[in-house]
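[1] Fold the following, please.
(one chain, ligands or ions: 1)
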Amino acid sequence: MAKKFYITTPIFYVNDLLHIGHAYCTIACDVVARFKRWLGDEVLFLTGTDEHGQKIAQAASLKGKTPLEWADYIVSEDKKLWEKLNISHDDFIRTTEERHKRTVQEIFTKLYQKGDIYKGEYEGWYCTSCETFYLESQLEGGRCPECGKVAEKLKEESYFFKLSKYQKRLLNYFAENPEFMQPSFRKAEMVNFVKGGLRDLSVSRTAVKWGIPVPFDEKHTVYVWLDALINYLTACGYLEDKVKFEKFWPADVHLVGKEIFKFHTIIWPAMLMALEIPLPKKVFGHGWWTVEGEKMSKSRGNVVDPVKVSEEFGVDAFRYFLMREVPFGQDGDFSKKALIRRYNADLANNLGNLLSRSLTMVEKYVEGRVPEPGGEEKEDKELIQKVKGLFERVIKYYDKLELNSVLGAIWEVIDYANRYIERTAPWKLEKTDRKRLETVLYNLLETLRVITFYILPFMPQTAEKIWERLGMEEKIYNQKIEEAQWGRLKSGTKIKAGKPLFPRIKDDL
Ligand code: ME8
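    Model (predicted):
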């Protein structure tokens, strides 16, 4: 029976256009979703937008728009971006959709009836930009510790979620499910936070009008974070599609940036415990990108637009760079220089050369057709072993979401295949040993064919192009996993050599 796999990105705020940080998280989810589909899993890959709250209302009013008009505009831009970057999400949820409002209201009522949400009064310091309340002791000179904006003192009637009640259960859950929080170095901070004691969480606002009304007390709107987290339930049919819900819930991975790890590993699990439904299997907190060593921000004017970068260097080079440059989970630094360095070394030289050298030799020496392989020698066996061993290696890395290591393993094979060319020197064999030449060329083409499957999740367009050059008729997307086994390349297939896939970029920045 096919396994299911449910993976999510955070739902992104619609106050502004998306940048490379958002693209990073979404591309990573896309890579994993594509890989899982290839394995034959039934995948639900969810992304979307977080549209309520003061921050959005303010952004819209600055543009002279209603919040919904503004959100519509940003959503259409977000969708264009995902299309451009070849994101293969199965659903795009907006928190302003009816299906979501109904789910949030139902859940709010349920928790209220259960006594896990109660009415009280809130007094605290609120940062509208982060939509978060802080204690006075958490502020830094009256400013929000996260974004540095001035916090406002608010006192209001509010509903509270009994987060404190779940302290013990959360700690037990963390202890019993060591895989729940990834990467594991993020875990200690969360455990200590919970151990330090949890205060009940204010989950409604009277001052914020742009939000989902509390169904039984309409002068309140639901706190945006409670509203937002519930999207993961809405989209897999919590309220409306029992069959879908039972199939896909619990989520396999919530992939989020490290700054919202706490919301996903403490508040969200406590809400799910209160709802008596299972917890997601894994929350992965990825690292943050800086740009040329600095935090990305509008005020610094250094926000990197993923559309521009992918137009300049190609969508696949952009995807490759983000996935390869830093160990997944760590912070990274974006610069054009670093991108060009990677592009030239890994794509133009390593992969590009392997492809063009192999195809050119096949054109030149064996009339552009896949030759018949003969007996294997030591260097052939080594190459074939490397290619065959790839599956087991990448599966382990995917399990831990070590996506840069997946690429590392693929590129080891590519590197090895380039050395195989040097070692076997087909240009000499052409004069001395035709049979051996044919074996070597077959092995090169077959290595390329097999690794194309592994490249596909990261660089879908490139994989398609390599596939065509290798003379394959069926689309690579339609291939079953068995096709990645060594030896399936048919002799006689006509290849198509062409221009380099990744022409070198002049490194003069
Ligand atoms: O937090 N580097 O939305 P958001 C890497 N709506 N990733 C980055 C990044 C950077 N510099 N900047 C942003 C929200 N991200 C809430 C989420 S979920 C129920 C609600 C990515 O628009 C990263 O994945 O601020 C981060 O967690 C996310 O964008 C935050 O997007």
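
[2] from here on, contacts and neighbour counts on C-alpha atoms
    Noted.

[3] Tell me how many other residues crowd residue 380.
    Using other Cα atoms under 10 Å, residue 380 has 18 other residues around it.

[4] for the strand or helix carrying it, which positions count as buried?
    Using DSSP states H and E, residue 380 sits in helix 378-399. Residues 380, 383, 384, 386, 387, 388, 390, 391, 394, 397, 398 are the ones in helix 378-399 that count as buried (16 or more other Cα atoms under 10 Å).

[5] Now do that helix: distance to the chain's middle.
    From the chain centre to the centre of helix 378-399 is a distance of 25 Å (Cα atoms, centre = their mean, to the nearest Å).

[6] cool, and stretch 424-434?
    So, by Cα atoms, centre = their mean, the centroid of stretch 424-434 is 45 Å from its chain's centroid.

[7] residues in contact with that stretch?
    Residues outside stretch 424-434 that contact it (Cα atoms under 8 Å, 6 or more residues apart in numbering) are 361, 365, 436, 437, 440, 441.

[8] got it, and stretch 121-138?
    Contacts for stretch 121-138 (Cα under 8 Å, 6+ apart): 53-55, 142, 144-147, 149-159, 202, 224-225.

[9] Kindly check the end-to-end length of that stretch for me.
    20 Å (Cα to Cα, to the nearest Å).

[10] what mean pLDDT would you report for it?
    Averaged across stretch 121-138, pLDDT comes to 84.

[11] Any residue of that stretch touching the ligand?
    No - judged by Cα under 6 Å from any ligand atom, stretch 121-138 stays clear of the ligand, getting no closer than 8.1 Å.

[12] Please identify the residues of the stretch 201-350 of the chain in proximity to the ligand?
    Going by Cα under 6 Å from any ligand atom, the residues of the stretch 201-350 of the chain near the ligand are 228, 229, 256, 257, 260, 287, 288, 289, 290, 296.

[13] just so I have it, where are all the helices in the stretch 301-450 of the chain?
    306-313, 315-325, 336-342, 353-366, 378-399, 403-424, 426-432, 434-455 (DSSP state H, counting those that start in this stretch).

[14] Can I get stretch 215-230 in CSV, CA atoms only?
    Extracted in CSV, the C-alpha atoms of stretch 215-230 (Å, rounded to 0.1, in the frame of the first residue of the first chain):
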residue,chain,number,x,y,z
PRO,A,215,-18.1,32.8,17.2
PHE,A,216,-19.8,33.3,20.5
ASP,A,217,-18.4,36.7,21.3
GLU,A,218,-18.0,38.7,18.2
LYS,A,219,-16.3,41.8,19.7
HIS,A,220,-13.2,39.5,19.8
THR,A,221,-11.2,38.2,16.9
VAL,A,222,-9.0,35.1,17.1
TYR,A,223,-5.3,35.8,17.8
VAL,A,224,-3.5,35.4,14.4
TRP,A,225,-1.1,32.7,15.6
LEU,A,226,-4.0,30.5,16.7
ASP,A,227,-5.7,31.2,13.4
ALA,A,228,-2.6,30.5,11.4
LEU,A,229,-1.5,27.2,13.1
ILE,A,230,-4.9,25.7,12.4
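
[15] how far out from the middle of the chain is that stretch?
    For stretch 215-230 - counting by Cα atoms, centre = their mean - the centre lies 28 Å from the chain centre.

[16] Return the set of buried residues in that stretch.
    Using 16+ other Cα under 10 Å as the burial criterion, the residues of stretch 215-230 that qualify are 215, 220, 221, 222, 223, 224, 225, 226, 227, 228, 229, 230.

[17] Touching, residue 447 and residue 387? I think so.
    Yes - contact criterion Cα atoms under 8 Å: residue 447 and residue 387 qualify, at 6.6 Å.

[18] Now do the shared contacts for those two.
    Common neighbours of residue 447 and residue 387 (Cα under 8 Å, 6+ apart) are residue 486.

[19] give me the number of residues near residue 164?
    Residues lying near residue 164 (other Cα under 10 Å) number 14.

[20] quick one: it and residue 215, what's the gap?
    Residue 164 is 24 Å from residue 215, by Cα to Cα.

[21] burial measure for the closest residue to the ligand within the stretch 351-500 of the chain, as a count.
    Among the residues of the stretch 351-500 of the chain, residue 401 lies closest to the ligand, at 14.6 Å counting by Cα to the nearest ligand atom. Residue 401 has 24 neighbours, counted by other Cα under 10 Å.

[22] Next: residue 298.
    By other Cα under 10 Å, 9 other residues sit near residue 298.

[23] Now do the same for it: helix, strand or coil?
    Here residue 298 is recorded as coil under DSSP: H, G, I helix; E, B strand; the rest coil.

[24] May I have the phi/psi pair for it?
    phi -60, psi -40 (degrees, to the nearest 10).

[25] And for residue 289?
    Dihedral angles for residue 289 - degrees, to the nearest 10 - are phi -100, psi 130.

[26] Same check on residue 13?
    Reported as degrees, to the nearest 10, the phi and psi values for residue 13 are phi -60, psi 150.

[27] which residues does it form a beta bridge with?
    Residues in a beta bridge with residue 13, per DSSP bridges, are residue 50.

[28] list the contacts for it?
    49, 50, 51, 56.

[29] Which one of the residues you listed sits in the busiest neighbourhood?
    Most neighbours among these, by other Cα under 10 Å: residue 51, with 30 neighbours.

[30] Verify the stated contact: that residue with residue 97.
    No - contact criterion Cα under 8 Å: residue 51 and residue 97 do not qualify, at 9.8 Å.

[31] residue ranges for the helices of the stretch 151-300 of the chain, please.
    Applying DSSP H, counting those that start in this stretch to the stretch 151-300 of the chain gives helices spanning 167-176, 187-195, 224-229, 231-234, 242-248, 261-262, 268-275.

[32] what's around the closest residue to residue 415 other than its chain neighbours, how many residues?
    Excluding the flanking residues, the one nearest residue 415 by Cα to Cα, 6 or more residues apart in numbering is residue 350, at 6.3 Å. If you count neighbours by other Cα under 10 Å, residue 350 ends up with 19.
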